[in-house]
Structures are given as C-alpha cells and as structure tokens.
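Engineer: Below are the sequence and a predicted model for it; my questions follow.
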Amino acid sequence: MFRMASQPRHNWQQLAAEYGFHFHTMYGEPYWDESAYYQFTLQQIEQDIEDPTAELHQMCLHVVDKVVNSEALLTQCQIPQAHWDFIASSWREKQPSLYSRLDLVYNGQSPAKLLENNADTPTSLYETGFWQWLWLENLVNAGKIARHADQFNSLQEKLVYRFEQLRRQYNYQRIHFSCCEDSVEDRGTVQYLQDCASAAGIDAPFLFVEEIGLSDTGYFTDLDDNAITHCFKLYPWEFMLREEFGDALEAADVGWLEPPWKSVLSNKALLPLLWQAFPNHPNLLPAFFEQDKHRTTGGKWIKKPLFSREGANISLLNDDDSPTTLSDGPYGEEGFILQQYHPLPRYGDQYVLIGSWLVDDLPAGISIREDRSLITQDLSRYLPHIIL
Amino acid sequence: MSHSQKRSKSIHLHQLRKAFALKPLAVGVAGIMLTACGGSREQSNIYVSPEDCQQDNPEATGQCLAAYESALEEHNRTAPKFDTQNDCEYEFGNDRCQYVQTSSGSFFMPFMAGYMVSQLLQPRPYYSQPLYTSFSPYSPFRSRWVTSNGYVFDGDIRKRSYSAPSSVFEKKPTVNRTIKRGGFGSSVRAKSSWGSSSSKSKGWGG
C-alpha cells in the first residue's frame, strides 16, 4: 500500500460538470483530490479487505438476528419500543437490502479493523462506483498508468445487478428515491442510485424526504398523490422512527431501502455487541457500552455516541482516564460506547481511512479518504486507488 | 484484461451524462393510470398523431382521439420543464420547445412528439402516455423515444411497437388525497440548527 503522487487530468473539472459531479469541491475546500492515488497489491485487496469485509458483514447479520429477538438488546440499542415489531418483522420477512459501507483502518500489513458500519445511509457512492472508475480509465488510456492496473470497484455493476434482482424477484417496479433538502452531496448520491435503478429497468422518480405525504388511506404519497410502494431514503432510520410520520410506518406498507432492520446495524451499539459475540476477532477492536467501562483495560479509548454522523461528538479517553474532546456535535442523548483507540495509518501528513463497500452481501469495492486530522470528518478528501 | 478483474467491466457513459436530471423543475413523474393486468409485459404502440393511430386502427377512431387527448393532458402535467429556452433546446433540439405561462410561473417544455397506447381495442381502460424525442446532438435520447420521467426506450425512433415494462400496469394502492406533508425531516432541522461554529450545512448520509 503506497501513496503515489499523480498529475491531475487537465480537464477533470469540465468532465465533472458534464457528468453532473457537482460536489467535488465543498464549502470552499477540495473534496475530490487526484493529485495522488493509493496503490495496493491484489493480495492486499483480496485477503486483507475483500474477505474480511464479507466475513464482518455476516457477523453483523448475526448480531441483527440476536437483537431483534431480544427485548433487552432492543432496549440497549435505544430502539423505540413502539417500533420493535416493525423492525423485527422486516428481519423475519427477509426484506432485501441494497448496500452498506464498512469503515476500516488498514495500513497494508496488519489486519484491517472495523471502525464503524455505515449500513443505513452510506455516501461517497458516486465518487467510488463511477468517478474513480472513470479516472482510472482516463489515466490508463492516456498512458499514465499501466494498462494491466486494476481497481477494487465493481460497485456500479453490482448495484445495477442488484436492482435487476429487486425488480425481478421482489417486484420493485417503481422506487421513489428520496433525501433531505439542501444537500448537493446527498442529492448527487441519490441521483446516481436513480441512474443505476433506471439502467435495471426500474422507474425511479425523486422527491425530498420533507415532501413525502400521508394519504387518507394511510399510505405515503408523492407530490402527484401517487402512493409510494417502494422507497429508497438517504435518511437515517433513527430519525424516521422518532418523527411525526414514524407512527404511520407500519400501516404504510412500503418496501424500504434500506430495510428497517438496518437500524440495528447503523447503531454504534453494534460495536460492543460484535465484540461480545466474536471476542478477539482479528478484524474487530475491543468495544464496550459506557456502563461497562470498568471492563476496559488501560490504554486509550474512543468514546462515541450511539447515534452520530460525520464523526461528531467523539472524545478520546487518555491513559489516565481524562477525556479530550475530538469533535463537537448535537448527539449523545441516547448514550455512548467505548472503542479501543486504534490510530489511522499516516502517509506523509495524511491520515487514511478505507471505506469498504458491499452490495447486499457481496464486497464491491473501496473508497479512500484522507484527512489532516485523526477523526475523518466531513471535509476529508476523497482519493482514487489502483491495484498493481 | 484478466478474468479476475476487480472493477466494473464497462460503464455506459452516455447513461451517466446528465440530461434533464438534477434540475428539480424537470423531474416530472409520469402518472400511470392503468388497472392491473397480471405481471407480464403489455404490447404497446407509438403514434405521432390521432390520424396515425386511426390508420392503424380504422375501427377505433374515437379511441385514438381520446387516447391522444389524455396523453396531451398528461403531457401538460408531466412534461420536463426548463427555466430557459436554451436548456430545453440543448436537451431536445432547436425549435422543439414551447413557452408556457401558468398562474404559478412560466417555463419551457418540449412538444409532445408522440404517444404510447396499449389495449386500445380492449374493453378495459386503455393506457396512454406522452412521449418525447430529441433532435439535439448533445442528448442521450437523440432519435429515441423517452417518457416524461426519463425512461428511454431502446431502439431507434422508427421503432413503433414495444412491450412496455409491467410497472406500467402495476395496480396502485388507493389514495384519495394527501392529508399532510412534512412528517419526515424534522430531525434535520433540529440537528442542523446546532453547530454554526463549523457552519456546515450537511446532508445525512455518512
């Protein structure tokens, strides 16, 4: 695993405009960064990332099965009691999922460690599935990168295939796609999924989450008063369950992507539950609920809220147990978990985090984000990668 | 290229070039008004005018006209809409757009280029939908039929007969009216009001 400096394509911003990649620069800071790329060996990709990703995912599903069958665990995960049946039945009915992203710490040598599972609303999908694919295609064609170079990235192919499956096997003929207003990045991610769904022959209209209506007959509706029968929402379950329309979810009978049982996986309670079920697994970091703090044995620990986004509300507990706040935020009212501190690998002055994607249960590629700070925040940059 | 390639083999770039997507005004949702009829695909024909339809169905003059009128009505409701003539013509070609003024504002939209009909001769309600095509060299659906929500039929514009996807015929749950909107999304406002220090207005993907 190396970091290689690289000459940006002279026309990449023009290409970005042409393909509708509107969030390559955000808040005045570069987000897409092709002044360098990361290079892996095939063995690193397959043995250290792809195989553990598939295994970690299965371990996560094992935890979901335990949680939905236990009132104590549902309580511990802070899932509102009114929705226990809704979530448990989505699991028993095996409602299909679309995708997820595992965040891994990996330095090219030691086993990759799972930091979090973004199972409900993962982003940086378009940059991964399409944009970095196009980057490699362009650089290979320009003779800047060897023709036999490859990339761990079958994301788009697998997404289209998954949508075809959803259409044929689960009768997803029309899916409403949705995200909240005022985020170019989320809208771009959802547009990409609409494109993938359309390529699979699915009718893929869009409306904002705020625009979803409730009909007199108990169905959710779009702006033309059509019932929403299937819906992809880039909006967290932990919000939806607690909002006004949360009470209407059960009767509205929507096929959701992601399905409600993903609310167990996007919950950081997953991390201590994984460690309980698979202690000392090489791809896990020790993790505990805050109330089990006495079981943490020395060293540094990261304290994270059960629900949080963008690395918010994280603090570091030092050897002497004194806390250092690493990031502020609005989260934490539902409680915290502790995860053993495992620093991100450093290349030059950059810390690197690997996002490892799955489509349903198949590993489908990676995305790489760099940051000058230790906690990967929203303003970190996205870099492409190759296999050589 | 080796057999064990780890990346997508090919990506159809034209499918990802942004046409009238990402312009909220233009995302018209086709209202499909048909009763259920099994899960199979339905044979549908495309006509460019009522006369064209009548030539094909001499015994169904009235249905041809009614289907045309209902497509036209649907066209007025769901045609892709653009703020400027330029944007519209970039997508559909020179002189292929009309200026429309309504009580809620003005915009440009393409002319209806044809309409798709199925079950015209059945006693059941028939289905009719407006179709568009583009003469613009910049458009991914140049010389193809496309619906108002961007579904592009494969094949050249001269192809006038398709088996339409079964989604077209899927029975919709009954909705009489929407009683409320805005019941999702409140957490965003609550959480966003925090954190002016970093002044990030961020989405909720992660």
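Structural biologist: Good, I have the coordinates.
Engineer: First-to-last residue distance for stretch B:53-62?
Structural biologist: One end of stretch B:53-62 sits 10 Å from the other (C-alpha to C-alpha, to the nearest Å).
Engineer: can you pull the buried residues of the longest helix belonging to chain B?
Structural biologist: Ranked by residue count, the top helix of chain B under DSSP state H comes out as helix B:61-78. In terms of neighbour count (16 or more other C-beta atoms under 10 Å in any protein chain shown), helix B:61-78 has its buried residues at B:63-64, B:66-68, B:70-71, B:74-75, B:78. In short, each C-beta sits where N, CA and C put it, glycine included.
Engineer: can you check stretch A:234-250 too?
Structural biologist: Judged by neighbour count (16+ other C-beta under 10 Å), stretch A:234-250 contains these buried residues: A:234-241, A:243, A:245-246, A:248-249.
Engineer: quick revisit: after the longest helix of chain B comes which helix or strand?
Structural biologist: Following helix B:61-78 in sequence order, the next helix or strand is helix B:85-92 (DSSP states H and E).
Engineer: Dump that next one to PDB, keeping only the CA atoms.
Structural biologist: The C-alpha trace of helix B:85-92 is given here as PDB (Å, rounded to 0.1, in the frame of the first residue of the first chain):
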ATOM      1  CA  GLN B  85     -35.300  28.100 -23.800                       C
ATOM      2  CA  ASN B  86     -31.600  27.300 -24.100                       C
ATOM      3  CA  ASP B  87     -31.700  24.500 -21.500                       C
ATOM      4  CA  CYS B  88     -34.700  23.000 -23.100                       C
ATOM      5  CA  GLU B  89     -33.300  23.200 -26.700                       C
ATOM      6  CA  TYR B  90     -29.900  21.800 -25.500                       C
ATOM      7  CA  GLU B  91     -31.900  18.700 -24.500                       C
ATOM      8  CA  PHE B  92     -34.500  18.400 -27.200                       C
END
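Engineer: returning to what we had before: which one of the buried residues of helix B:61-78 is nearest to residue B:9?
Structural biologist: Distances from residue B:9 to the buried residues of helix B:61-78, taken as C-beta to C-beta, are shortest for residue B:78 (35.4 Å).
Engineer: From what I see, that closest one and residue B:131 are in contact.
Structural biologist: No. Contact status for residue B:78 versus residue B:131: not in contact, 11.4 Å apart, counting by C-beta atoms under 8 Å.
Engineer: circling back to that earlier point, keep the buried residues of stretch A:234-250, but drop any that are not near chain B.
Structural biologist: Applying C-beta under 8 Å from any C-beta of the partner chain to the buried residues of stretch A:234-250, one finds that A:234-236, A:239-240, A:243, A:245, A:248 fall near chain B.
Engineer: Quick check: the farthest pair among those?
Structural biologist: Largest separation among these by C-beta to C-beta: A:234 and A:248, giving 19.8 Å.
Engineer: Report the buried residues of the longest helix seen in chain A.
Structural biologist: In chain A, assigned by DSSP H, the helix with the most residues is helix A:51-68. For helix A:51-68, the neighbour count (16+ other C-beta under 10 Å) marks A:52-53, A:56-57, A:59-61, A:63-64, A:67-68 as buried.
Engineer: Between the buried residues of helix B:61-78, which sits nearest residue A:122?
Structural biologist: When the buried residues of helix B:61-78 are compared against residue A:122 (criterion: C-beta to C-beta), the nearest one is residue B:78, at 31.8 Å.
Engineer: follow-up on the earlier one: would you reformat the buried residues of stretch A:234-250 as JSON lines and include secondary structure?
Structural biologist: As requested, these are exported to JSON lines (DSSP: H, G, I helix; E, B strand; the rest coil):
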{"residue": "A:234", "secondary structure": "strand"}
{"residue": "A:235", "secondary structure": "coil"}
{"residue": "A:236", "secondary structure": "coil"}
{"residue": "A:237", "secondary structure": "helix"}
{"residue": "A:238", "secondary structure": "helix"}
{"residue": "A:239", "secondary structure": "helix"}
{"residue": "A:240", "secondary structure": "helix"}
{"residue": "A:241", "secondary structure": "coil"}
{"residue": "A:243", "secondary structure": "coil"}
{"residue": "A:245", "secondary structure": "helix"}
{"residue": "A:246", "secondary structure": "helix"}
{"residue": "A:248", "secondary structure": "helix"}
{"residue": "A:249", "secondary structure": "helix"}
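Engineer: would you list those in CSV and tack on distance to residue B:163 and pLDDT?
Structural biologist: Formatted as CSV, those follow (distance: C-beta to C-beta, whole Å; pLDDT from 0 to 100):
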residue, distance to residue B:163, pLDDT
A:234, 33, 96
A:235, 36, 95
A:236, 40, 94
A:237, 38, 95
A:238, 43, 92
A:239, 41, 93
A:240, 37, 96
A:241, 41, 95
A:243, 41, 95
A:245, 37, 97
A:246, 41, 96
A:248, 37, 96
A:249, 36, 97
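Engineer: Which two among the residues you listed are spaced furthest apart?
Structural biologist: A:234 and A:248 (19.8 Å).
Engineer: Wasn't residue A:196 part of a strand?
Structural biologist: No. Counting by three-state DSSP, residue A:196 is not part of a strand but helix.
Engineer: how about residue A:140, phi and psi?
Structural biologist: phi -70, psi -50 (degrees, to the nearest 10).
Engineer: Relative to chain B, how far out is it?
Structural biologist: Distance, residue A:140 to chain B, by C-beta to the nearest C-beta, to the nearest Å: 11 Å.
Engineer: ok, back up a step: and the longest helix of chain A with chain B, contact?
Structural biologist: No. Helix A:51-68 lies out of reach of chain B by C-beta under 8 Å from any C-beta, never closer than 12.8 Å.
Engineer: Equivalent analysis for stretch A:23-32, please.
Structural biologist: Yes. If you take C-beta under 8 Å from any C-beta as the test, stretch A:23-32 does meet chain B, through residue A:27.
Engineer: what about dumping the CA coordinates of that stretch to CSV?
Structural biologist: What follows is stretch A:23-32, C-alpha atoms only, in CSV (Å, rounded to 0.1, in the frame of the first residue of the first chain):
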residue,chain,number,x,y,z
PHE,A,23,-19.8,18.3,-5.1
HIS,A,24,-16.1,17.8,-6.0
THR,A,25,-15.4,21.0,-4.0
MET,A,26,-17.4,21.6,-0.8
TYR,A,27,-17.5,24.6,1.5
GLY,A,28,-14.6,26.1,-0.5
GLU,A,29,-12.4,23.0,0.2
PRO,A,30,-11.4,20.4,-2.4
TYR,A,31,-13.1,17.1,-1.8
TRP,A,32,-12.2,15.1,-4.9
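Engineer: Let me know the average pLDDT across that stretch.
Structural biologist: Across stretch A:23-32, the average pLDDT comes to 87.
Engineer: Contacts for the longest helix of chain A, please.
Structural biologist: With C-beta atoms under 8 Å, 6 or more residues apart in numbering or on different chains as the test, helix A:51-68 has contacts from A:73-74, A:77, A:84, A:87-88, A:91-92, A:100, A:102, A:104, A:111-112, A:114, A:117, A:119, A:261, A:264-265, A:270, A:273-274, A:277-278, A:281, A:283, A:356, A:358, A:361-363.
Engineer: quick revisit: now flag whichever of the ones next to chain B among the buried residues of stretch A:234-250 is closest to residue B:161.
Structural biologist: Ranked by distance to residue B:161 (C-beta to C-beta), those are led by residue A:234 at 38.1 Å.
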